[in-house]
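In: Structural data only, the sequence is not supplied:
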């Protein structure tokens, strides 16, 4: 095939014009919610609104699997009945990643603390801390090792319940990233409460994320996920001393040794789970957990 100089120049000009238009396309930010947290998707694409609507629909579908506040969700049905036949693939996949985080953290990431969490929420809503006997009773309902799951069914011990709030927001970010990748998209920042960067910033460089810490550190993200947890980011009591992250070893809220833990990983679900569990760890224990899974890095740990 021969190509005249005139034809080559016209193609080059058209290519340059297209590149100029692409650069001129402004960043588009969709805003919504995912599992009760603010969610955003930031991208630069002529069809940004359509792409964001596709992602929003996927978030809605995944909420119907993971939400503890929807009685009809797969997780709520499992907790209510103690058994779920033909569980959704995403629920099984998330449980498998939770199991990996459980092993990597020596059991400190433990979704079976839901009965404890519910006890603390109910007790403090009534104006009192839970009694030791109540804590012991809640812990007796079962632990992570009592969970049974496969493609056929998920089964809990009587009285046992799961919360995936320490991993599901990250998992949803991963699923949205996967959805957009299958459409051939790149250079998108997904924030479902935890962050997943698909490529870099279309305007150049990495996505720059500022952590909510006193020194306002900045983290560059490209094809990486970032999750942060604060032991007292959410509290049960009005005094702000009983944090929402519970220690499965004792049944008590995490001691306030850290203000904020931020973790990057290839998977937002893993980053989410590890940042949660690391709120219960010493600096040395964090290093051990960091090395237990490939690609994990603690990028910020601010002492209280």
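Out: Looks like it came in fine. The structure presented is a predicted model; accordingly, all values stated were derived computationally and were not measured. Numbering: from 1, shown residues only.
In: Provide the secondary structure category for residue 295.
Out: coil (DSSP: H, G, I helix; E, B strand; the rest coil).
In: If I follow the layout properly, it ends up in contact with residue 265?
Out: Yes - using C-beta atoms under 8 Å, residue 295 is in contact with residue 265, at 5.4 Å. In short, each C-beta sits where N, CA and C put it, glycine included.
In: Out of those two, name the residue with the larger neighbour count.
Out: Just comparing residue 295 and residue 265: by other C-beta atoms under 10 Å the higher neighbour count belongs to residue 265, 24 against 13.
In: Could you check how many residues crowd around the spatially closest residue to the more buried one that is not a sequence neighbour?
Out: Among residues not flanking residue 265 along the chain, residue 271 sits closest, at 4.1 Å (C-beta to C-beta, 6 or more residues apart in numbering). A total of 33 residues lie near residue 271 under the criterion other C-beta under 10 Å.
In: Which strands or helices does the helix or strand residue 271 falls within pack on?
Out: Taking DSSP states H and E as the criterion, residue 271 maps to helix 268-278. Secondary-structure packing of helix 268-278 (3 or more C-beta pairs under 8 Å, 6 or more residues apart in numbering; DSSP states H and E): helix 89-104, helix 168-182, strand 225-229, strand 258-265, helix 283-292.
In: Whichever helix or strand comes after the first one: how far from the chain's middle?
Out: Which is helix 89-104. Moving toward the C-terminus from helix 89-104, the first helix or strand encountered (DSSP H and E) is helix 114-125. When C-alpha coordinates are averaged (C-alpha atoms, centre = their mean, to the nearest Å), helix 114-125 and its chain have centres 22 Å apart.
In: average pLDDT across the following helix or strand past helix 114-125?
Out: Following helix 114-125 in sequence order, the next helix or strand is helix 132-139 (DSSP H and E). When pLDDT is averaged over helix 132-139, the result is 97.
In: list the buried ones in helix 132-139?
Out: 134-135, 138-139 (16 or more other C-beta atoms under 10 Å).
In: what helices or strands is it leaning on?
Out: Here helix 132-139 touches helix 114-125, going by 3+ C-beta pairs under 8 Å, 6+ apart.
In: contacts for the helix it packs on?
Out: Defining contact as C-beta atoms under 8 Å, 6 or more residues apart in numbering, one finds that helix 114-125 is touched by 68, 79, 129-130, 134-135, 138-139, 141, 159-163, 236-237, 242, 244, 246, 251, 253.
In: What of stretch 63-78?
Out: Among residues not part of stretch 63-78, those counted as contacts by C-beta under 8 Å, 6+ apart are 34-36, 79-80, 84, 87-88, 90-91, 94, 114, 154, 156, 162-165, 168, 171-172.
In: Buried members of those residues into PyMOL, please.
Out: Command for PyMOL that selects the buried part of those, burial taken from 16+ other C-beta under 10 Å:
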select buried, resi 34+35+79+84+87+88+90+91+94+114+154+156+162+163+164+165+168+171+172
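In: re the thing from before, give me the pLDDT for the residue nearest to residue 265.
Out: Per-residue confidence at residue 271 stands at 98 (pLDDT).
In: looking at it, it is touching residue 173, isn't it?
Out: No - under the contact definition of C-beta under 8 Å, residue 271 does not touch residue 173, with a separation of 9.2 Å.
In: what's the overlap in contacts for the two?
Out: When C-beta under 8 Å, 6+ apart defines a contact, the residues bordering residue 271 and residue 173 alike are 194, 225.
In: ok, now how distant is the residue lying closest to residue 166 once chain neighbours are set aside from residue 223?
Out: Spatially, and ignoring its direct neighbours in sequence, residue 166 is nearest to residue 276 (3.9 Å; C-beta to C-beta, 6+ apart). Between residue 276 and residue 223 the computed distance is 23 Å (C-beta to C-beta, to the nearest Å).
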